[in-house]
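*Asks:* from the sequence below, what's the structure:
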Amino acid sequence: MMRHRRHPDGSLTPLEQPGVDTGMGLERMAMVLQGRSCVFDIDVFEPWIRTVSTLWTPSQQSPQQSPQQSLPQSSQRLVYDHLRSSVVVIGDGVHPSNTGRGYVLRRLIRRILTHLWREDPSRTLLDLPTEPIASTVDHHGLSIDPLYVQDVLVYEERRFGALLRRGRPLIERLLLRGPLTDDDLHYLHDTHGIPRDLVEEVLSTGLR
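*Replies:* Prediction:
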C-alpha cells in the first residue's frame with residue numbers, strides 16, 4: 001500500500017489518493033490472463049523461444065569443432081528478453097551509441113553477446129532468424145524492416161568484437177602490474193577508447 005508522502009524532514013502525511021503497487025506489469029498481467037506460470041511462457045516470447053532456443057546448442061557443431069555447451073536457462077531467457085527489447089528500441093529509431101537511449105541499446109546488445117560468447121566465441125547474431133524480429137515488429141506496430149534491425153545488431157556485434165580483441169591485450173598487460181587503478185581505467189578510456197564497463201565485462205567473463 002502507498003498511503004503516505006515522506007517529507008525531507010522525515011515526517012509523513014496521508015496521500016490524497018492512496019494506491020496499491022502489485023508489481024504486476026503488462027507481461028505479468030498477460031501471464032495471469034494466459035494461465036502461465038512464467039512470463040517467458042506468454043505468447044510474445046513464443047517466436048523467440050521456438051526459433052532461438054535451438055540456435056546455439058551442441059547439435060549445431062560439426063565433428064571437427066571442440067565440445068560446445070548449451071546456454072544455461074537463465075542466459076537463454078536473458079538473450080530472449082534483451083533481443084526482443086533491442087528490436088523495440090531500434091524500431092523506435094534508436095541506434096547504439098555512447099550516450100542516452102543509444103547507450104542503453106548498446107548495453108543490451110553487449111549483454112546478449114557476453115552471455116553467448118562465454119562458452120563459444122563463434123556464436124553470432126548473423127544466425128538470428130528474421131521470424132521473431134518480424135513478430136516483435138508486428139506486435140508493437142513498428143514501421144521498420146526486420147532485416148534492417150538484424151543489420152544494426154550485427155554491426156554492433158562486430159564493433160564489440162573489435163573492441164574486445166583490441167582491449168584484452170591492453171588490459172592483461174596492465175594487470176601484470178597488479179589490480180587496475182582509476183588511472184589505468186582513465187588511460188584505457190582516454191587513450192584507447194575502452195570504457196570502464198567494457199573492462200569490467202572482460203574481467204568478469206574472460207571474453208576473448
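*Asks:* the longest helix along the chain - contacts with which helices or strands?
*Replies:* The single longest helix within the chain, with elements called by DSSP state H, is helix 146-175. On a contact count with 3 or more C-beta pairs under 8 Å, 6 or more residues apart in numbering; DSSP states H and E, helix 146-175 meets helix 73-91, helix 100-117, helix 130-139, helix 182-192, helix 196-205. For every residue, glycine as well, the C-beta is placed using N, CA and C.
*Asks:* could you list the low-confidence segments of this protein?
*Replies:* Along the chain, segments meeting pLDDT under 70 span 57-70, 204-208.
*Asks:* one more time with 50
*Replies:* By pLDDT under 50, the weakly predicted segments of the chain are 59-68, 208.
*Asks:* surely residue 12 touches residue 2?
*Replies:* No. Using C-beta atoms under 8 Å, residue 12 makes no contact with residue 2, being 11.6 Å away.
*Asks:* middle-most residue in this protein, spatially?
*Replies:* In the chain, the residue lying closest to the centroid (C-alpha atoms, centre = their mean) is residue 108, at 3.0 Å.
*Asks:* list the contacts for it?
*Replies:* By C-beta atoms under 8 Å, 6 or more residues apart in numbering, residue 108 lies in contact with 82, 85-86, 89.
*Asks:* what distance do you get for it to residue 90?
*Replies:* Distance of residue 108 to residue 90, given as C-beta to C-beta, to the nearest Å: 10 Å.
*Asks:* same question for residue 40.
*Replies:* Distance of residue 40 to residue 90, given as C-beta to C-beta: 21 Å.
*Asks:* neighbour count for the two, which is higher?
*Replies:* The residue with more neighbours, out of residue 40 and residue 90, is residue 90; 25 against 18, by other C-beta atoms under 10 Å.
*Asks:* number of residues surrounding the nearest residue to residue 124 once chain neighbours are set aside?
*Replies:* In this structure, residue 124 finds its nearest non-sequential neighbour in residue 157, 6.6 Å apart by C-beta to C-beta, 6 or more residues apart in numbering. Neighbour count of residue 157, defined by other C-beta under 10 Å: 21.
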